[in-house]
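Visitor: Sharing a model prediction with you, sequence too.
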Amino acid sequence: MIAIDTNILVYAHREDFPQHVRAKAALNELHERQLAWAIPVVCIHEFLSSVTGFRKPYTPTPIAAAFGQLRAWLESPSLCVLHPTEHHIDVLEQLVTQGQARGGQIHDARVAAICLEHGVRQLWTADRDFSRFESLPTHNPLQA
């Protein structure tokens, strides 16, 4: 299963970002090929926070449009939403300790932990900070 990080969701949604075409194509490929893909629930929350909270020079996405986008993705039969399991704190602690995560990197560790708890084979992200969590392979679908 492939998991999608927040930044790819934001780029796929927002046409005003230069990464939009590639991010949207990446998500379309998952949908069209019916590959198993997932969004960690915390990335759903972060997506909503990000796109509705933009400041100049960007215009925030209206709440209804943001939820509309989420619902469209959730209609994909090959998509599932990943939630923390009963092992979450143990996995999170291991990742934070091994990756020496601090501050905002704790959120990345939380995403990585949720992915690992569900056997995700690869996280698609444009965030290089995930490289600190060696047990979770990453791929940047925005690179040629």
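Guide: Arrived safely.
Visitor: just the strands in the chain please.
Guide: Across the chain, reading from the start of the chain, the strands by DSSP state E fall at 2-4, 37-40, 79-82, 122-124, 138-139.
Visitor: Kindly present these as TSV, with separate columns for mean neighbour count.
Guide: Quick note: C-beta positions are derived from backbone N, CA and C, even for glycine. TSV is the format used below for those (neighbours: other Cβ atoms under 10 Å):
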stretch	mean neighbour count
strand 2-4	23
strand 37-40	23
strand 79-82	17
strand 122-124	21
strand 138-139	16
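Visitor: Include distance to T52 and mean pLDDT when you put these into JSON lines, please.
Guide: Converted to JSON lines, those look like this (distance: least, Cβ to Cβ, whole Å; pLDDT from 0 to 100):
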{"stretch": "strand 2-4", "distance to T52": "19", "mean pLDDT": "98"}
{"stretch": "strand 37-40", "distance to T52": "17", "mean pLDDT": "97"}
{"stretch": "strand 79-82", "distance to T52": "19", "mean pLDDT": "96"}
{"stretch": "strand 122-124", "distance to T52": "22", "mean pLDDT": "98"}
{"stretch": "strand 138-139", "distance to T52": "26", "mean pLDDT": "96"}
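Visitor: Tell me which of the ones you listed sits nearest to V111.
Guide: strand 37-40 (5.2 Å; Cβ to Cβ).
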